[in-house]
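Student: What shape does this take:
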Amino acid sequence: LRGSKSFTAALPGETERNGHGLGYKSVSVGHLEAPPLSPSRLSLGRASSTATSTAAPEQGRPRDYLVLAIFSCFCPVWPINIVGLVFSIMSRNSGQQGDTDGARRLGRMARLLSIVSIVLGTIIIVLYISLSVRGNPSS
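Tutor: Okay, here's the model as predicted:
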């Protein structure tokens, strides 16, 4: 079955009675008008992405941290840094398509994974060097 963009909604004005005391009017999605929300009806949940993006001025295109992700690929924590590189590329693609919220979110994840990869890689390299020097007393 193919979905339709029309449905039945109770709207003030030109409504008909359906026999149960409820008014209805069949309208399409493009013709709906939402009344403005009063402050008492605002949601207590997280603000929508459109509300947060209009509150702060646009600061250019979001960062994708591609250089950091490529640098982290030289660390010996390959599953994490490869995933960070993938997130960075996805962030760049989202930014080019105009999805700034998605690009920021993916960029932050790429930055986090790259930093974790660099820190863990540094710890692994330091442990390897210290254990190899300790194991070889002639050095």
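
Student: Toward the C-terminus from the helix or strand bottoming out on mean pLDDT in the chain, list the very next helix or strand.
Tutor: Every helix and strand in the chain was compared by mean pLDDT, DSSP states H and E; the lowest is helix 49-55, with a mean of 45. Sequence order places helix 66-72 as the next helix or strand after helix 49-55, per DSSP states H and E.

Student: For the helix or strand following that next one, output the C-alpha coordinates as CSV.
Tutor: Following helix 66-72 in sequence order, the next helix or strand is helix 78-96 (DSSP H and E). Listed next in CSV are the C-alpha coordinates belonging to helix 78-96 (Å, rounded to 0.1, in the frame of the first residue of the first chain):
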residue,chain,number,x,y,z
TRP,A,78,43.8,0.9,14.6
PRO,A,79,40.2,0.1,15.2
ILE,A,80,39.6,3.3,17.1
ASN,A,81,41.5,5.7,14.8
ILE,A,82,40.0,4.2,11.7
VAL,A,83,36.5,4.8,13.1
GLY,A,84,37.6,8.3,13.9
LEU,A,85,38.7,8.8,10.3
VAL,A,86,35.4,7.5,9.0
PHE,A,87,33.5,9.9,11.3
SER,A,88,35.6,12.8,10.1
ILE,A,89,34.9,12.0,6.5
MET,A,90,31.2,11.7,7.3
SER,A,91,31.4,15.1,9.0
ARG,A,92,32.9,16.6,5.9
ASN,A,93,30.2,15.1,3.7
SER,A,94,27.4,16.3,6.0
GLY,A,95,28.9,19.8,6.0
GLN,A,96,29.1,19.9,2.2
